[in-house]
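J.: please find the sequence and the predicted model below.
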Amino acid sequence: MSFQFFVKSNLVFGRGAAGKLPELLKGYGLKKIMLVYDNGVKAAGIADRIREEIDKAGVGLTIFDRVIPNPTNEVVEEAAVIAKNEGVEGFVAVGGGSSIDLAKAVNVLMTNPGSIGEYGGMNMVKNDCLPLIAIPTTAGTSSEITNVSALIDTEKVIKYVIIDNRIVASDVICDPEFTRTMPVSVTAATGMDAITHAVESYISNMATPLTEYNSLKGLEILYKNLPLVVKDGSDMDAREQMMLGCIITGFAFSNANLGLVHAIAHTLSAHFGLPHGMANAAVLPYVMAYNAEAVPEKMIELARAIGIGGNSDADKDKYLLADALKALCKEVGIRTLSEQGVPEEAFDRLAEDVLKEPVLNFNPRQGVTKEDVLAILKEAY
C-alpha cells in the first residue's frame, strides 16, 4: 500500500470561533490585509462582525467586496491590482466558495508573475503565497481547506481550476453560526455540492484508503443533516454537523479529485452561470447511475453509508445510491436543468465541451462519449 495525503491548514472549529481571528492575525505580524467578501455576507451582517475582530488586531485593512458567483479572471485581476497597490500582506476571505476561490487566485498573483489564466491546471504555482485566513459561511464547497480555486475564463467560455498545494488557506475559522442566515436554496445547493464531493471522491480512480474513509464519513453526516437544515435553518446542531461533514469531505476530494458530475457542472456554469451546487445536484443522480456500471461495489458501499441496505442482488443494488440521491434532490428543492433555464438546444455544444474537461481523467468510468453526456443531460432536464 502506497499513497500520499496532503493536509495543510490550521483549523479552528466551533460556535464563536471567529473570536480567534485577532490572535491569528497578530501571529503573522501583518501591517495590512485585504478582506474579501460578497454582497450576501455584507447583507447578513457577517462582514461587519469580521471587521470588528480585525480592528482588535490593529491591522490595516483594504476591502474587496465585489465578489461575484463563479468569479472570472477579470474580477481576480481587478482585485489583485488593488491588493498590490495597497501593499497588502495577507488576506481574510469570508463567504462561500466564490469569495474564498477568488482570494486564493488573487494570492497567487501577489507572489507569482503573469495573469491568472496561466495557472490553470495542476501544480503550476511556483512561489509560496501570502497568509490567507478562510472563514466559510456555507457548508458545501470545502474551498476553505482545499488546494483548488475554480474560475471562469470568459473569453474561452470555460470554468477551469487551479490545483496547487501552495494556494491552500493558512488558517481556517469554521463558525457554524455564520451559516445560520443562508437562504434555503443556498443551503440546499451547497449541501448537495458537498454530497457530490463525497460520492465523486469515493469512486474516483485516485481514491486511497484515507480518502475513502473521509468520503464515507462525510457522506453519512451530510445525507443525514441536509434535510434537517433545509427544513429548519435555525437548527444549529444540524448546521454544525453540515460544516463538519463539509470539512471531512474536503480532505477527501482535495486528495482524490472528482469526476463526470463536475465536468458537466463546470460547463453549465461557464455557459449559463448556474450556481455550482445547483449544477452539480441537477445531474448527480444520473451520473451515479452511469458510473455504477464501472464501480458497482463502491456504489453499494456508498448506499450502505447512508443506511440503505441491499437485497444481495448487485445488479439492482448498484443503483440504490442514484435513486436515493434523486429522492434527496426532490426533497430539498433542487431544480431541474429546464427549471434553471438551460435550453435543450444547447445540449450538443455543452456535451462537446464536457469532453474537454480535465477532471474526466479521474472518473471511474472512462471513455465517456458525447452520446453519454447527452443522455445524462436529457435525464436531468
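T.: The structure has been received and is ready for your questions. Numbering: from 1, shown residues only.
J.: same question for the helix or strand harbouring Val81, mean pLDDT?
T.: Taking DSSP states H and E as the definition, Val81 sits inside helix 73-85. Average pLDDT, helix 73-85: 98.
J.: distance between whatever helix or strand comes next after that helix and the chain's centre?
T.: Following helix 73-85 in sequence order, the next helix or strand is strand 91-95 (DSSP H and E). Distance of strand 91-95 from the chain centroid (C-alpha atoms, centre = their mean, to the nearest Å) equals 15 Å.
J.: for Leu274, give its distance to Val184.
T.: For Leu274, the distance to Val184 equals 18 Å [C-beta to C-beta, to the nearest Å]. All C-beta spots, glycine's among them, are computed from the backbone N, C-alpha and C.
J.: who has more neighbours out of the two?
T.: When neighbours are counted by other C-beta atoms under 10 Å, Leu274 and Val184 differ, and Leu274 comes out ahead with 23 against 13.
J.: Gly96 - how many residues pack around it?
T.: A total of 31 residues lie near Gly96 under the criterion other C-beta under 10 Å.
J.: who's in contact with it?
T.: Neighbour list for Gly96: Asp38, Gly40, Pro136, Thr137, Thr138, Gly140, Thr141, Ser143, Val186, Thr190 [criterion: C-beta atoms under 8 Å, 6 or more residues apart in numbering].
J.: which stretches in the stretch 251-381 of the chain count as helices?
T.: Assigned by DSSP state H, counting those that start in this stretch, the stretch 251-381 of the chain shows helices spanning 260-272, 276-291, 296-305, 314-317, 320-332, 347-354, 370-380.
J.: and Ala79, how many residues sit next to it?
T.: Neighbour count of Ala79, defined by other C-beta under 10 Å: 25.
J.: so who does it touch?
T.: Met34, Val36, Phe64, Arg66, Leu102, Val106.
J.: what subset of those is buried?
T.: Neighbour-count burial (16 or more other C-beta atoms under 10 Å) is assigned, among the contacts of Ala79, to Met34, Val36, Phe64, Leu102, Val106.
J.: which residues touch the second one?
T.: Taking C-beta under 8 Å, 6+ apart as the definition of contact, the neighbours of Val36 are 64-65, 67, 79, 91-95, 99-100, 102-103, 106.
J.: 6 Å instead?
T.: Applying C-beta atoms under 6 Å, 6 or more residues apart in numbering, one finds that Val36 lies in contact with Phe64, Ala93, Ser99, Ala103.
J.: ok, the first one next?
T.: For Met34, the residues meeting the contact criterion (C-beta under 6 Å, 6+ apart) are Thr62, Phe64, Ala83, Val88, Phe91.
J.: residue nearest the middle of the chain, spatially speaking?
T.: Thr141 (2.4 Å; C-alpha atoms, centre = their mean).
J.: does that residue belong to a helix, a strand or coil?
T.: Following DSSP: H, G, I helix; E, B strand; the rest coil, the label given to Thr141 is coil.
J.: distance of it relative to Leu25?
T.: 24 Å.
J.: of the contacts of Gly96, which belong to strands?
T.: Among these, DSSP state E puts Pro136 in strands.
J.: possible to save the contacts of Gly96 as CSV with distance to Val373?
T.: Shown next, in CSV, are these (distance: C-beta to C-beta, whole Å):
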residue, distance to Val373
Asp38, 31
Gly40, 32
Pro136, 31
Thr137, 33
Thr138, 28
Gly140, 24
Thr141, 24
Ser143, 26
Val186, 27
Thr190, 25
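J.: check the contacts of Gly96 for burial and list the buried ones.
T.: For the contacts of Gly96, a burial check counting by 16+ other C-beta under 10 Å picks out Asp38, Gly40, Pro136, Thr137, Thr138, Gly140, Thr141, Ser143, Val186, Thr190.
J.: from these, pick the one nearest Lys298.
T.: When the buried ones among the contacts of Gly96 are ranked by distance to Lys298 (C-beta to C-beta), Gly140 comes first, at 22.6 Å.
J.: measure the closest residue to the closest one other than its chain neighbours to Ala17 for me?
T.: Sequence neighbours aside, Thr190 is the residue nearest to Gly140 in space, at 2.6 Å (criterion: C-beta to C-beta, 6 or more residues apart in numbering). Counting by C-beta to C-beta, the separation of Thr190 from Ala17 is 19 Å.
J.: next one: Leu244
T.: To Ala17, Leu244 is 12 Å away according to C-beta to C-beta.
J.: on that earlier part again, reformat the contacts of Ala79 as a markdown table; add secondary structure.
T.: Shown next, in a markdown table, are those (three-state DSSP):
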| residue | secondary structure |
| --- | --- |
| Met34 | strand |
| Val36 | strand |
| Phe64 | strand |
| Arg66 | coil |
| Leu102 | helix |
| Val106 | helix |
